[in-house]
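**Q** Give me a model of this one.
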Amino acid sequence: MTTGKLAGLLATVAALSLSAPGGAAEPVEFELPEQEGPEIVVYGAGNSEEAVAEFVSTIGRHTGTNQLARWHDTICPLTLGLREELNDYISDTVIALAEEVGAEALPGNCQANLLIMITDNPVEAIASLREDRIDIYQSISLTDRAAIDRGDTDVLAFSRIELRGADGRLPDIGGQSIEGDGALLGGVMPGRTRLSTRADLNFRAILIDADHARGRTLQQLSAFAAMMALAEFDVREPVAPAFTILNLFHEAENAPADLTDWDVAYLRALYATDGAYDADTQHSAMIREVRISLADRR
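**A** This is a model prediction of the structure:
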């Protein structure tokens, strides 16, 4: 996404995040936590291979090429919708988690490629995108668009994913394009099981309905946003096994106070394993990594 296009998008959503149609809405009130960053909750649940396999295999959302997208470029988060110090705390939590799991992130004074917005009117924000920025709107899945139209989306996350060669090269290098099945990129040959492509996140937006954020703590909200920022997840339904902050908007009374060791283990595994495989093959490698990570925290 070019700088000009991103600036236009941020201008659109910034205006919507700070005001509500028909008059000002009552602001969401949070207390700034005393701790500087996430304090990972360690669960006593067993880390059997079956439980870990279910968690790893069901938690993530696949791309159209059946791969798991992740950041390779440096993440620059921007949070909107709350007081400045609260926005900064959420962005700082993203940066802290990125450093914890092997991704790269920078604070402030960078070109934002991750937008987190807490807004009283997410439907209006999306409607504006559909009118003014159809290229961004088309990044939202048809299922999520239908949920938006019904007005029953607590959280909406969508990404711009760039399909690159397994070695990071862009698809126009060599004068060839990626084949429809993602099997070949000009000059990058696939192996017997390894593909020639990987899925890079290059822009991600997370919109949280302020009405549903009420009753949660800032620590929970920042942990949820940070988790959602670093990978693609489907949170329309509860995640099982439920050892994750991703269930914050499904089981608020039983939700963890912060990121869990399962959350961190999943992200570490995602960023430690090779993304140039199909999702099932990468999951197999991730299951081993998650079990090791959980064992180390016991």
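
**Q** how far is the helix or strand containing residue 269 from where the chain is centred?
**A** According to DSSP states H and E, residue 269 maps onto helix 261-272. How far helix 261-272 lies from its chain's middle: 13 Å, per CA atoms, centre = their mean, to the nearest Å.

**Q** Likewise for stretch 99-112?
**A** Centroid separation for stretch 99-112 versus its chain: 14 Å, with CA atoms, centre = their mean.

**Q** That one: end-to-end distance?
**A** End-to-end span of stretch 99-112 (CA to CA, to the nearest Å): 17 Å.

**Q** where do the helices sit along the stretch 51-200 of the chain?
**A** 84-101, 122-132, 134-137, 142-150 (DSSP state H, counting those that start in this stretch).

**Q** out of those, deepest packed?
**A** helix 84-101 (a mean of 20; mean count of other CB atoms under 10 Å). For every residue, glycine as well, the C-beta is placed using N, CA and C.

**Q** between that helix and helix 261-272, how big is the angle?
**A** Calculated by axes from the mean of the first three to the mean of the last three CA atoms, to 10 degrees, helix 84-101 forms an angle of 60 degrees with helix 261-272.

**Q** Report all helices and strands that helix 84-101 contacts.
**A** In terms of contacts (3 or more CB pairs under 8 Å, 6 or more residues apart in numbering; DSSP states H and E), helix 84-101 is packed against strand 77-80, strand 114-119, helix 218-230, helix 261-272.

**Q** elements contacting the top strand by length along the chain?
**A** Taking DSSP state E as the criterion, the chain has its longest strand at strand 197-209. Under the contact criterion of 3+ CB pairs under 8 Å, 6+ apart, strand 197-209 touches helix 3-17, strand 70-71, strand 114-119, helix 122-132, strand 155-165, helix 218-230.

**Q** and it, which strands flank it?
**A** strand 70-71 (parallel), strand 114-119 (parallel), strand 155-165 (antiparallel) (DSSP bridges).

**Q** Comparing those, which comes out most buried?
**A** Ranked by average neighbour count under the criterion mean count of other CB under 10 Å, those are headed by strand 114-119 at a mean of 25.

**Q** Please save the CA atoms from that one in PDB.
**A** The C-alpha coordinates for strand 114-119 follow below in PDB (Å, rounded to 0.1, in the frame of the first residue of the first chain):
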ATOM      1  CA  LEU A 114      -1.200  -1.700  11.500                       C
ATOM      2  CA  LEU A 115      -4.400   0.100  12.600                       C
ATOM      3  CA  ILE A 116      -6.300  -0.700  15.800                       C
ATOM      4  CA  MET A 117      -9.500   1.300  16.300                       C
ATOM      5  CA  ILE A 118     -12.000   1.300  19.100                       C
ATOM      6  CA  THR A 119     -15.100   2.900  17.700                       C
END
